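*Asks:* Please work out how this folds:
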Amino acid sequence: MQFDTKIAVVIRTDLEVWQKLNVSAFLASGIAAAFPECVGEAYEDGSGTKYLSLIGQPVLIYGADRPALTRALERALARNVKPAIYTEDMFKTTHDAANREAVKAVIRAELNLVGLAMRAERKVIDKIVDGLKFHS
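*Replies:* Numbering: from 1, shown residues only. Prediction:
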């Protein structure tokens, strides 16, 4: 099945594995919150056990260095795509309000990005992530 939209997550490649997984999870939650229509129906196994719903389309994970992350952010904003972001300073906080304060304290040009996620039309996402490779 081909979707009209594409979800892309871009993660800085020099992070520890736990950080990559943590950032990916937080960023995917931002997509689910902003686009509830991308969340599918709840799951149920053959025994009748109920499970939570998931995002109903593939999430493509790309790797990038810091300059490439900044470039992807600027490309997204230039195309009116509002991304979810995660900065290195957020690893030092312990709750959501502190995360927002950490981002608010830094101007966009100086954000130490470690990840971003976005959902938009397929062709728009392709232009934003142009030149990036899937994370390995």
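*Asks:* wait, what's in contact with the residue positioned nearest the centre of the chain?
*Replies:* Nearest to the mean C-alpha position of the chain, by CA atoms, centre = their mean, lies Ala117 at 2.3 Å. If a contact means CB atoms under 8 Å, 6 or more residues apart in numbering, then Ala117 has Ile7, Ala8, Val9, Val10, Leu27, Ala28, Gly30, Ile31, Val59, Pro83, Ala84 as its contacts. All C-beta atoms are positioned from the backbone trio N, CA, C, and that covers glycine.
*Asks:* Any buried residues in the helix or strand harbouring the first one, and which?
*Replies:* It refers to Ile7. According to DSSP states H and E, Ile7 maps onto strand 5-12. Residues of strand 5-12 classed as buried by neighbour count (16 or more other CB atoms under 10 Å): Lys6, Ile7, Ala8, Val9, Val10, Ile11, Arg12.
*Asks:* partner strands of it, parallel or antiparallel?
*Replies:* Strands that pair with strand 5-12, judged by DSSP bridges, come out as strand 59-64 (parallel), strand 113-121 (antiparallel).
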